[in-house]
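1. predicted structure and sequence below. I'll ask about it afterward.
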Amino acid sequence: MSDEVARALVGRVWADLGRDLGELEHLDRLPEAPLPARLDVSSLAVGSVAAASLAGAAGDGDRARRTRLRLDGDRIAVAFTSDRDLLVDGRAPDVWSPLSGFWRTADGWVRTHGNYPHHARVLRRVLAVPDDATREAVADAILPRTAADLAAEVESAGGLCVVVRAEDPATDAAWRARPIVDLGDGDGELTTPTGRREASDRPDRPLAGVRVLDLTRVIAGPVGTRTLALLGADVLRIDSPRSPEFAWQHVDTGAGKRTTLLDLARRGDRAVFDALARDADVVVTGYRPAAMTRLGLDARALRSRHPHLVVASLSAWGDHAEAGERRGFDSLVQAASGVAVVEGDDGLPGALPAQALDHATGYLLAAAVTSQLRGHGRRTGRVRLSLRRTAAELLALPRTDVRAPGAALTDAEREPHRRRFDVGDVAVRTTAPAVVGADGPLEWPAPPHRLGVDPPRWR
């Protein structure tokens, strides 16, 4: 069943991209990925990786037509759960803050996200708990509140809290009426030819020479740009010196990239960014759409100044109306969309075996950008994705009544897919890339750089 379901997912993505569905013949039988859940996380993972792999390999001449792309289901499962393998100087980082998680309220459940210090401060302020509050104290502060009121207050204060809701078939059907990968054609945006540089014809590095500005953080965007780097692009990640990414999170998704610091709230640093964009081919953004618009860094503004750019943006909730102002992460979208209820037990909400919405959306972004750069399908210079749209796709896939229909990989089975490298003087262990090339799995051209160490210029 996994081959059929995953292949159908690739077909829907290919239709969104305006690609020839005959290219799906390049795919060998698609494997199962050991990601046990009630929802078909395996097909979502395999289908998204297959789309990115196919975009990097298919469509160029007789050699591509003879190629059969083979994916490794175990490697995909390991890549989608890479945080489980991550060691920094021999220690596993604390992935979740004590303020992140599910909490019982007076009338249901909420899910909070307090990993970043500024979001944690908002939660503590709304709950009137001290900085050193225990989880028990936080639970006591949340329990008397109603879920909707608490979520609304936290969000209006700039924090992250959503009501845990059951799935709504009508809402999901409305989401699925939109493309999984939205190229934005027909909305009045510029549709000139995209990119300053021709994509390479090298099967191992099809994006060699392409320049990508990476304005993303956490998982989805960095996975997408990491995949572009794997395919040969020169990726320059930009973070703010005021709120840089967690170092552990960057090393997990930063292989093959360079990284610099610019404060895009400052006019001078925006001018530096604009100079970089002038000679870039792609800009990828992963911040709230409304925030990008206020900075003049939304797709319309960027392409009005630099019509050659491919601008790809991803968000948690979409970029329409109020959604463009909402903050969000994979765990929150799982909770708000009904995924957490489906994966729960005995009235308790649950979670997918991976941040699958993040990872899948990242690979789909890479597929769309690669397709634009290589001149296949519709070329609009615009790519939009959201975690909520990906969740709607997952909720429509087949599901099982069994909580764990298959076994997760053992440590011994994960070991062949791990890689070790040094980032400066720090030893890191993480997972291998999931995307494959025409002649077999690609390997990283370089380990991640330490965050912010590179100058803001192209090679």
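-> Yes, it's here.
2. rest of the way, CA atoms for contacts and neighbours
-> Will do.
3. quick check: phi and psi on residue 108?
-> Residue 108 adopts backbone torsions of phi 160, psi -140, taken as degrees, to the nearest 10.
4. now do residue 228
-> phi -60, psi -40.
5. who are the contact partners of it?
-> When contacts are counted by CA atoms under 8 Å, 6 or more residues apart in numbering, residue 228 touches 207, 235, 366, 370.
6. and for residue 152?
-> residue 161.
7. how about residue 180?
-> Counting by CA under 8 Å, 6+ apart, residue 180 makes contact with 12-13, 16, 385, 389-390, 393.
8. among those residues, which ones are in strands?
-> residue 385 (DSSP state E).
9. any chance of TSV for the contacts of residue 180, columns distance to residue 411 and pLDDT?
-> Formatted as TSV, those follow (distance: CA to CA, whole Å; pLDDT from 0 to 100):
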residue	distance to residue 411	pLDDT
12	34	98
13	33	98
16	38	97
385	33	96
389	33	97
390	29	98
393	30	98
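10. closest to residue 51 out of the contacts of residue 180?
-> Taking CA to CA as the measure, residue 51 sits nearest to residue 13 out of the contacts of residue 180, at 7.4 Å.
11. report the separation between the closest one and residue 319.
-> Residue 13 sits 19 Å away from residue 319, going by CA to CA, to the nearest Å.
12. one more: residue 362?
-> 17 Å.
13. neighbour-wise, which of the two wins?
-> Shown here are residue 362 and residue 319; by other CA atoms under 10 Å, residue 362 has more neighbours (27 against 19).
14. chain neighbours aside, what residue packs nearest to that one?
-> Spatially, and ignoring its direct neighbours in sequence, residue 362 is nearest to residue 224 (4.0 Å; CA to CA, 6 or more residues apart in numbering).
15. what number of residues lie near the one you found?
-> Using other CA under 10 Å, residue 224 has 29 neighbouring residues.
16. do residue 244 as well
-> Residues near residue 244, counting by other CA under 10 Å, number 14.
17. what does it show for phi and psi?
-> With angles defined as degrees, to the nearest 10, residue 244 sits at phi -70, psi 160.
18. ditto for residue 431
-> phi -100, psi 160.
19. same question for residue 421.
-> Per degrees, to the nearest 10, the backbone of residue 421 is at phi -160, psi 170.
20. ok, it - contacts?
-> Residue 421 touches 427-429, 447, counting by CA under 8 Å, 6+ apart.
21. if we can go back for a sec, just the contacts of residue 228: which are in helices?
-> 366, 370 (DSSP state H).
22. of the contacts of residue 228 - the most surrounded one?
-> The contacts of residue 228, ranked by neighbours (other CA under 10 Å): first place residue 366, 31 neighbours.
23. let's verify residue 238: helix, strand, or coil?
-> strand (DSSP: H, G, I helix; E, B strand; the rest coil).
24. how close does it sit to residue 293?
-> Plainly put, residue 238 is 17 Å away from residue 293 if you go by CA to CA.
25. with neighbour numbers in mind, choose between those two.
-> residue 238 (24 against 15).
26. could you dump the contacts of residue 228 to TSV with pLDDT and distance to residue 163?
-> Formatted as TSV, the contacts of residue 228 follow (pLDDT from 0 to 100; distance: CA to CA, whole Å):
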residue	pLDDT	distance to residue 163
207	92	42
235	96	37
366	97	31
370	94	36
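27. closest one of the contacts of residue 228 to residue 377?
-> residue 370 (10.7 Å).
28. picking that back up, widest-spaced pair of the contacts of residue 228?
-> Farthest pair in the contacts of residue 228, by CA to CA: 235 and 370, 13.3 Å.
29. using a markdown table, lay out the contacts of residue 180 together with distance to residue 246 and neighbour count.
-> A markdown table is the format used below for those (distance: CA to CA, whole Å; neighbours: other CA atoms under 10 Å):
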| residue | distance to residue 246 | neighbour count |
| --- | --- | --- |
| 12 | 35 | 15 |
| 13 | 32 | 23 |
| 16 | 34 | 18 |
| 385 | 24 | 26 |
| 389 | 27 | 26 |
| 390 | 25 | 24 |
| 393 | 30 | 18 |
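30. now, among the contacts of residue 180, which is nearest to residue 39?
-> Closest to residue 39, out of all of the contacts of residue 180 and judged by CA to CA, is residue 393, at 10.6 Å.
31. quick one: the closest one from residue 47, how far?
-> 11 Å.
32. ok so, going back, now, among the contacts of residue 228, which is nearest to residue 380?
-> residue 370 (12.7 Å).
33. appreciated, that's everything.
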